[in-house]
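>>> Give the three-dimensional model of this entry:
(2 chains)
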Number of protein chains: 2
Amino acid sequence: MTTIVSVEVSDVRFPTSVDLDGSDAMNKDGDYSAAYVVIRTDDPRLSGFGFTFTIGRGNDVCVLAARLRGRPLVGRTVAEVTGDLGAVYRDLASDSQLRWLGPDKGVEHLALAAVMNAVWDLAARAAGKPLWRLLTDMTPTELADAADLSYLSDVLTREEAIGLLTERAPTRDRRIAELTATGYPCYTTSAGWLGYSDAKLRRLCQEAVDSGYRHIKLKVGGNLEDDIRRLRIAREVIGYGDARLMIDANQVWDVPEAIAWVRALAPFEPLWIEEPTSPDDILGHAAIRRAVAPIGVATGEHGMNRVLFKQLFQAEAIDYCQLDAARLASVNEVIAVLLMAAKFGVPVCPHAGGVGLCELVQHLSVFDYVAVSGSLEGRVTEYVDHLHEHFTDPCVVRDGAYVLPSAPGYSAELHPASVAAYRYPDGAYWAGRGGA
Amino acid sequence: MTTIVSVEVSDVRFPTSVDLDGSDAMNKDGDYSAAYVVIRTDDPRLSGFGFTFTIGRGNDVCVLAARLRGRPLVGRTVAEVTGDLGAVYRDLASDSQLRWLGPDKGVEHLALAAVMNAVWDLAARAAGKPLWRLLTDMTPTELADAADLSYLSDVLTREEAIGLLTERAPTRDRRIAELTATGYPCYTTSAGWLGYSDAKLRRLCQEAVDSGYRHIKLKVGGNLEDDIRRLRIAREVIGYGDARLMIDANQVWDVPEAIAWVRALAPFEPLWIEEPTSPDDILGHAAIRRAVAPIGVATGEHGMNRVLFKQLFQAEAIDYCQLDAARLASVNEVIAVLLMAAKFGVPVCPHAGGVGLCELVQHLSVFDYVAVSGSLEGRVTEYVDHLHEHFTDPCVVRDGAYVLPSAPGYSAELHPASVAAYRYPDGAYWAGRGGA
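Numbering: from 1, shown residues only, chains lettered A, B, ... in the order given. Predicted coordinates:
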């Protein structure tokens, strides 16, 4: 029986701060990083790869947390672990001493995400399927067993979850065929980082349009006059009508400030304002949403757990749910959020970018459409064209849509050469710079 | 000029799991621990001591995070740091790479609490005052400058904060004199841990009554029949009427389950149900509160930050605010929560116990009464009789009340011998057991 022999966690950091890729009003100089987990088995052909995403300092804290969290996996058989993905999740999550450090949030939750992402990757590889296919091949009951439905029964019972999944089951194949032909629609943020010049912004917007994108997102919230000028440039390039412009404030505002600022940008007809305030402020998002309609409110990349999303839905606080594949505790918690979103009729437009988030979320969006929401209306998944070259199975985007991944796994494996070069502080890149 | 030369962080763990001290329905076997910070200066007579509290595994993760968080303090003068305690807090908190790992929650927030608790201790020692006195000697404007009011302006503006503090200022001395005579009222949890036998429960309840306590708290949520039997025993000992019985479920229930369970315990007339469900579930607490009234709802020991408490107040979700001195990011964030609680008329009954939390919260409760709330109605601060012997300035409780601390500082210093014995894994206690 194939057995897990080690759970290795590496601190991998890419020096993105050099070019201000990823700069926004809150995060001015991130070094995109991964606490990168490799689950090794005694079969050299079978490993599981996963990670959580951070932006530099503190990635070592996540690495240490992931090592602690992954330790109970060592010595278990692959069959045991992948045979009940709900049980292994609950077992790892239930360590009461580690739970105290959250619960279900912050570093410990990121670490659980990293470890469980690797477990899901392992399960998909063991089954010889891409993750989305592993999920769409599971029965409604199997999916409900895998999902973390704890603390959710006031809005979604297990029976309701199974009922919703069962309703979609007979038509799964039709939607798989559809996505195989069209891909899953995406939008690009590559154009709009706050650190880019007006000329670069204009050029990148044009390139996005030329590449087939109909949605473009810009960072805002640094300075109102700058925002007005940049939104004008973007609209000059993409036009109005069918072309969608989204704006993202990365949490820099208090609630009253958010309302005033977004109203000032309303003439540019943004589709949504993303992260207008603290990601924890459910009632604040609800207040902003009421005040800026018909501009939509989006949040979720810092949405810490399923209990937060439950309340965002209950309070009618958001128009778009931007869950994050490396902040929620892996597929187990993502399934729960997808189910609630479907029940409340809120489209899920996952956050991506960073390191490898695009690789992960493409699987989740396909699963969402095929097995949970059954709809593409209002759905568009983020895409950022950075760092894909470090992955062995990089995502492919064509005509503004993710092409369905076909290799077994969760597309989470980094090239060993990339890990060797960017491991912090001893990889070739960092050692040459004396660490940091 | 006295200058900070190092920020040392130690992993200190006490083997409380051996006697099931601290056992409850969620946390069955904690080893009470501290990520313990010592800020050393070039004056050997002046250091600052602080910590965050954990229950064992993962304390090392907090230690690593606190080391990263405290690094920018080294090389600064004591005058600079203690002269603007709001500025140093904002500077440490604003590291955007570390912020990504929360924001404002989990391990990173616990680590910020540990470091800033040591900074406040340093400031109080430098001023030669106990922390509560340092705070009650600050002007309303100085307090507002120190407080973290970010993301709160929709419910509390800076002007309102100053107004509220100014209203209380002329009568501060009267309340200090009153508390100096009476102490600050407290209740005990020492009787009611879930792992204790019925006989031990009965004996400890009697001892609590004999010691002058009029409030007793029991852990519930393991098994309903057990809870009914234990509550009956407690009421047999303490009686009804003036004697208050509180119950604490430590987050084990979903919302519907909480409502049903608490209703089943209603005949024992609990004053409050504490932590009935996920600490993140603002709307869930509000629903439970509406359903179980007149039994009060209390939560806060896992209340991750000021934005959560803001919403608990806005949603009228709680009757008692149980903020935690080592989970909120130190005094800076505590002031903000105390101000909001005062505005909304919610009594603050801080969480304590663990390692050294009693030592900390006595200062906060005195400050709350003297400078913020101006009321003792419904207020009672937790007290647990564990581990005080490890502190150089342990809290003193007499006749069910905390005696006002008088030594300079935040009462956060551990005996060096205790650190040497219980440092993990190399202290004398743990090394003898081969770590764990």
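>>> and A:Ser33, what is it in contact with?
By C-beta atoms under 8 Å, 6 or more residues apart in numbering or on different chains, A:Ser33 lies in contact with A:11-14, A:53-56, A:59, A:355, A:424. Using the backbone N, CA and C atoms, a C-beta is placed for each residue, glycine as well.
>>> Just say helix, strand or coil for A:Leu218.
Going by DSSP: H, G, I helix; E, B strand; the rest coil, the secondary structure assigned to A:Leu218 is strand.
>>> Please work out how many residues are found near it.
25 (other C-beta atoms under 10 Å in any protein chain shown).
>>> A:Tyr424 contacts A:Phe14, correct?
No - here A:Tyr424 lies out of contact with A:Phe14, judged by C-beta atoms under 8 Å, at a distance of 9.7 Å.
>>> Need the pLDDT of the closest residue to A:Asp254 other than its chain neighbours.
Leaving aside its chain neighbours, A:Asp254 sits nearest to B:Ser153 (4.4 Å; criterion: C-beta to C-beta, 6 or more residues apart in numbering or on different chains). Looking at B:Ser153, its pLDDT stands at 98.
>>> Let me know the distance separating A:Gly195 from chain B.
Separation of A:Gly195 from chain B (C-beta to the nearest C-beta, to the nearest Å): 13 Å.
>>> er, A:Leu308 actually
Distance, A:Leu308 to chain B, by C-beta to the nearest C-beta: 6 Å.
>>> Pretty sure that residue sits against B:Asp280.
Yes - applying C-beta under 8 Å, one finds A:Leu308 in contact with B:Asp280, separated by 6.1 Å.
>>> and the residue most central in space within chain A, helix, strand or coil?
The central residue of chain A, meaning the one whose C-alpha is nearest the mean C-alpha position (C-alpha atoms, centre = their mean), is A:Asp324 at 2.8 Å. What three-state DSSP gives for A:Asp324 is coil.
>>> do the same with A:Arg232
Classified using three-state DSSP, A:Arg232 is helix.
>>> Show the pLDDT at the closest residue to chain B within the stretch 251-400 of chain A.
With distances taken as C-beta to the nearest C-beta, the stretch 251-400 of chain A approaches chain B most closely at A:Val255, which sits 3.9 Å away. You'll see A:Val255 listed with a pLDDT of 98.
>>> same deal with A:Ala25?
Model confidence at A:Ala25, given as pLDDT, is 73.
>>> Up against chain B, what does the stretch 201-350 of chain A have?
A:251, A:254-257, A:277-284, A:287, A:302, A:304-305, A:307-308, A:310-311, A:314-315 (C-beta under 8 Å from any C-beta of the partner chain).
>>> Now the two most distant members of the contacts of A:Ser33.
Maximum pairwise distance in the contacts of A:Ser33, criterion C-beta to C-beta, is 14.3 Å, between A:Phe53 and A:Tyr424.
>>> And those two? Which one has more around it.
More neighbours surround A:Phe53 than the other of A:Phe53 and A:Tyr424, with 27 against 23 (other C-beta under 10 Å).
>>> and that one, that's in a strand?
Yes - for A:Phe53, which was evaluated using three-state DSSP, the result is membership in a strand.
>>> who's in contact with it?
By C-beta under 8 Å, 6+ apart, the residues touching A:Phe53 are A:32-34, A:324, A:326-327, A:354-357.
>>> Tell me who's in contact with the residue in chain A that chain B sits nearest to.
Ranked by C-beta to the nearest C-beta, the top residue of chain A for proximity to chain B is A:Gly106, at 1.3 Å. Contacts here follow C-beta under 8 Å, 6+ apart; on that basis A:Gly106 touches A:304, B:101-102, B:105-109.
>>> repeat that with 6 Å
In this structure, A:Gly106 makes contact with B:102, B:105-107, judged by C-beta atoms under 6 Å, 6 or more residues apart in numbering or on different chains.
>>> Wait, a strand at A:Phe309?
No - going by three-state DSSP, the assignment for A:Phe309 is helix, not a strand.
>>> Spatially nearest residue to it (excluding sequence neighbours)?
Beyond its immediate neighbours in the sequence, the residue positioned closest to A:Phe309 (C-beta to C-beta, 6+ apart) is A:Val337, lying 4.7 Å away.
>>> Let me know the helix or strand that that neighbour is in.
Taking DSSP states H and E as the definition, A:Val337 sits inside helix A:330-344.
>>> any idea which helix or strand comes after the longest helix anywhere in chain A?
The helix spanning the most residues in chain A, taking DSSP state H as the definition, is helix A:106-127. From helix A:106-127 onward toward the C-terminus, using DSSP H and E, the following helix or strand is helix A:131-136.
>>> Contacts for that next one, please.
A:124, A:127, A:172, A:363, A:366-367, A:370-371, A:410.
>>> Could you work out the most separated pair of the residues you listed?
It's A:Arg172 and A:Tyr410 that sit farthest apart of these, by C-beta to C-beta, at 19.5 Å.
>>> of the two, who's got more company?
A:Tyr410 (34 against 17).
>>> What does the pLDDT read for the residue lying closest to A:Val346 once chain neighbours are set aside?
Among residues not flanking A:Val346 along the chain, A:Cys321 sits closest, at 5.1 Å (C-beta to C-beta, 6+ apart). With respect to pLDDT, A:Cys321 has a value of 98.
>>> A:Cys321 touches A:Gly300, doesn't it?
Yes - in this structure, A:Cys321 sits in contact with A:Gly300. The criterion is C-beta atoms under 6 Å, and the distance is 5.3 Å.
>>> More neighbours: which of the two?
Set side by side, A:Cys321 and A:Gly300 give different neighbour counts by other C-beta under 10 Å, the larger being at A:Gly300 (26 against 23).
>>> where along the stretch 101-250 of chain A do the strands fall?
Per DSSP state E, counting those that start in this stretch, the stretch 101-250 of chain A has strands spanning A:184-192, A:215-219, A:244-248. These are given in chain order.
>>> Average pLDDT for the last one, rounded please.
The pLDDT scores in strand A:244-248 average 96.
>>> got the angle for that strand vs strand A:215-219?
30 degrees (axes from the mean of the first three to the mean of the last three C-alpha atoms, to 10 degrees).
>>> Alpha carbons of strand A:244-248, in CSV - could you do that?
What follows is strand A:244-248, C-alpha atoms only, in CSV (Å, rounded to 0.1, in the frame of the first residue of the first chain):
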residue,chain,number,x,y,z
ARG,A,244,-16.7,46.1,-18.4
LEU,A,245,-14.5,48.1,-16.1
MET,A,246,-14.0,46.9,-12.5
ILE,A,247,-12.2,48.8,-9.7
ASP,A,248,-10.4,47.5,-6.7
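>>> and the helix or strand following that strand, what other elements does it pack with?
On the C-terminal side of strand A:244-248, the nearest following helix or strand under DSSP H and E is helix A:255-265. For helix A:255-265, the helices and strands in contact under the criterion 3 or more C-beta pairs under 6 Å, 6 or more residues apart in numbering or on different chains; DSSP states H and E are helix A:282-292.
>>> I appreciate the help and will end here.
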